[in-house]
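> need coordinates for the below:
(4 chains)
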Number of protein chains: 2
Amino acid sequence: MTIRLLLADDQVLVRQALGTLLDLEDDFEVVAQVGRGDEVVGAALKCSPDVALLDIEMPGLDGLAAAAVLAEQVPGCRVVVLTTFGRAGYLRRAMEAGAVGFVVKDAPAEALGDAIRRVMQGERVVDPALAVATLAAGESPLTARERDVLIAARGGGSVAEIAGSLYLSEGTVRNYLSGAIAKTGARNRMGAVRVADDRGWL
Amino acid sequence: MTIRLLLADDQVLVRQALGTLLDLEDDFEVVAQVGRGDEVVGAALKCSPDVALLDIEMPGLDGLAAAAVLAEQVPGCRVVVLTTFGRAGYLRRAMEAGAVGFVVKDAPAEALGDAIRRVMQGERVVDPALAVATLAAGESPLTARERDVLIAARGGGSVAEIAGSLYLSEGTVRNYLSGAIAKTGARNRMGAVRVADDRGWL
DNA sequence: ACCGGGTTCTGACAAATGTCATCGCGCTCC
DNA sequence: GGAGCGCGATGACATTTGTCAGAACCCGGT
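Numbers count the residues shown, from 1 in each chain, chains lettered A, B, ... in the order given. Down below sits the predicted model:
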């Protein structure tokens, strides 16, 4: 009984290479490959894979959102997030989205096959070091609006532009920014954006 | 006569997958795999590959710097840069560093094998669309110091911190920053960092 | 009914940032 | 040898940011 796999990664070369690698294992069979997040569910419905390996950075729909939709619409398919960055917030959000495994791309190749087999046994698989880092980063202390403002600030606009895009007054934006700067422990906007982004609070 | 390959990429999983994929081709043989830029030259000297495939983002020494050293110390080895981002400035710098090929990771797998075979024929291989984008982005208009200041600013520090780290006065830093903001067409530091980074000027 | 917290605003203030003119130094190119 | 350019600095200035206090509103919980 082979394990049927769906592979989603926007980098064609990486996806094909990974597909080849996994197909060489006797008990794996790659039944679908997609390059966009919004193609994941369709492919899963058609090919009914046992496990979906999702990258996070994808056009259309990001891997975390795709994982959430998949968990809801194709409950028989287990989700393993396979991504470049072991950023703390990603892991948290992946788990909230219903993923049962989380593998970073700089793990050795055996770790991936191992993870797939273990999630098929019903286990949850996460790199222990990453799990610790996630707990250390903690829950986001930002309010919803502070988060919005930081996201808008990420593009590099002035307070006036941020205010315009969110339909807020400039003073309000400055207040939220001030709060976010305090909560992140940064000393200015750039630092706050950086810290919040790294911790996965955005 | 098989083509001997050296593979350098910091993500173990991607590297192994790529190695497997390439090894399946009859005329390729992966003779060395490394995960750090500063291991490239040593491995090349020991294994004398015909072509080195280098990722840019690597710890130790970045792929572009590694390419330059390699071109100088192991002239018999052709360099193909294989990277995630088709950022304009990367291509320019790769060529200056002596690379003869440039492949982005979201090209189809055949493109990679094709590129390797063509550089072995003495051709230079670059994705045409990327070449156009590079010409459009143009040469960096930044002076060396403006570039330094922007790099220092990327971390999110204040003018005082940047000045301290570069041993400059605060006024001087403000002047350079001002010049960089004007040249990038941005309206503040964040925008300037963003634009310059995207264009590969950093 | 009251309290607390998040949202939104205002106004005021200090600090940081961005702009400009100007200077001197050293280098290169003609 | 002078013109031009990048580097480094200074000082003055306007603008933008960041901080703080206060006030109104809505909502959920006690």
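
> grab the nearest non-local neighbour of residue A:123.
In space, and not counting its chain neighbours, residue A:123 is closest to residue A:100: 7.8 Å by Cβ to Cβ, 6 or more residues apart in numbering or on different chains. For glycine as for every other residue, the C-beta is placed from the backbone atoms N, C-alpha and C.

> apologies, that question was intended for residue A:18.
residue B:17 (4.7 Å).

> pLDDT weak spots in chain A?
Applying pLDDT under 70 to chain A flags residues A:137.

> interface residues of it facing DNA strand C?
A:143-146, A:167-169, A:171-172, A:174-176, A:188 (Cβ under 7 Å from any atom of the strand).

> does the residue nearest to residue A:49 when sequence neighbours are not counted count as helix, strand or coil?
Nearest residue to residue A:49, sequence neighbours excluded (Cβ to Cβ, 6+ apart): residue A:6, at 3.9 Å. Each residue gets one of three states, and residue A:6 gets strand by DSSP: H, G, I helix; E, B strand; the rest coil.

> and residue A:6, how far from residue B:105?
Residue A:6 sits 20 Å away from residue B:105, going by Cβ to Cβ, to the nearest Å.

> neighbour count: those two, which is higher?
Ranked by neighbour count (other Cβ atoms under 10 Å in any protein chain shown), residue A:6 and residue B:105 place residue A:6 first, with 25 against 22.

> assign residue A:140 to helix, strand or coil.
coil.

> also residue A:58?
Three-state assignment for residue A:58 (three-state DSSP): coil.

> chain A: helices as residue ranges?
A:12-23, A:40-47, A:63-73, A:88-96, A:109-120, A:128-137, A:144-154, A:159-166, A:170-184, A:189-198 (DSSP state H).

> in TSV: those helices, plus mean neighbour count and distance to residue B:161.
Formatted as TSV, the helices of chain A follow (neighbours: other Cβ atoms under 10 Å in any protein chain shown; distance: least, Cβ to Cβ, whole Å):
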stretch	mean neighbour count	distance to residue B:161
helix A:12-23	22	37
helix A:40-47	18	43
helix A:63-73	21	34
helix A:88-96	21	25
helix A:109-120	18	39
helix A:128-137	14	24
helix A:144-154	19	19
helix A:159-166	17	22
helix A:170-184	18	15
helix A:189-198	21	10
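
> out of the ones you listed, flag the one nearest residue B:93.
Among those, the nearest to residue B:93 by Cβ to Cβ is helix A:12-23 (21.1 Å).

> tell me the residues of chain A that contact chain B?
A:10-14, A:16-18, A:20-21, A:24, A:35, A:82, A:84, A:103, A:105-109, A:111-112, A:153, A:155-158, A:186-191, A:193-194 (Cβ under 8 Å from any Cβ of the partner chain).

> residue with max distance from the center of chain A?
residue A:171 (33.2 Å; Cα atoms, centre = their mean).

> relative to residue A:163, how far out is that residue?
For residue A:171, the distance to residue A:163 - Cβ to Cβ - is 9 Å.

> now swap in residue A:96 and tell me
From residue A:96 to residue A:163 the distance is 31 Å (Cβ to Cβ).

> coming back round to it: among the helices of chain A, which comes closest to residue B:48?
Across the helices of chain A, closest to residue B:48 is helix A:12-23 (Cβ to Cβ), at 24.6 Å.

> quick one: residues in contact with that closest one.
A:5, A:7-9, A:28-30, A:33, A:35, A:53, A:109, A:112-113, B:13-14, B:16-18, B:20-21, B:24, B:82, B:103, B:105-109, B:111-112 (Cβ atoms under 8 Å, 6 or more residues apart in numbering or on different chains).

> hey, C-alpha coordinates of that helix in CSV?
The C-alpha coordinates for helix A:12-23 follow below in CSV (Å, rounded to 0.1, in the frame of the first residue of the first chain):
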residue,chain,number,x,y,z
VAL,A,12,9.2,24.2,-10.7
LEU,A,13,12.7,23.0,-10.4
VAL,A,14,12.5,22.3,-6.7
ARG,A,15,9.1,20.7,-7.1
GLN,A,16,10.2,18.4,-9.8
ALA,A,17,13.4,17.5,-8.0
LEU,A,18,11.5,16.7,-4.8
GLY,A,19,8.9,14.7,-6.8
THR,A,20,11.7,12.6,-8.3
LEU,A,21,13.3,12.1,-5.0
LEU,A,22,10.1,10.9,-3.3
ASP,A,23,9.0,8.8,-6.3
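
> and that helix, how far out from the chain middle?
Put simply, helix A:12-23 sits 20 Å off its chain's centre (Cα atoms, centre = their mean, to the nearest Å).

> next, the angle helix A:109-120 makes with that helix.
Counting by axes from the mean of the first three to the mean of the last three Cα atoms, to 10 degrees, helix A:12-23 points 70 degrees away from the direction of helix A:109-120.

> can you tell me the residue of chain A closest to DNA strand C?
residue A:171 (2.5 Å; Cβ to the nearest atom of the strand).

> tell me which parts of chain A are close to DNA strand D?
A:158-160, A:171, A:174-175, A:177-178, A:181-182, A:187-189.

> which of those residues sits closest to residue A:138?
Relative to residue A:138, the closest of the residues of chain A next to DNA strand D is residue A:182; by Cβ to Cβ it sits at 15.8 Å.

> ok, the closest one to residue A:146 distance?
As judged by Cβ to Cβ, residue A:182 and residue A:146 stand 10 Å apart.

> around residue A:27, how many other residues sit close by?
When neighbours are counted by other Cβ under 10 Å, residue A:27 comes out with 12.

> show the contacting residues for it.
Counting by Cβ under 8 Å, 6+ apart, the residues that residue A:27 touches are A:1, A:2, A:3, A:117.
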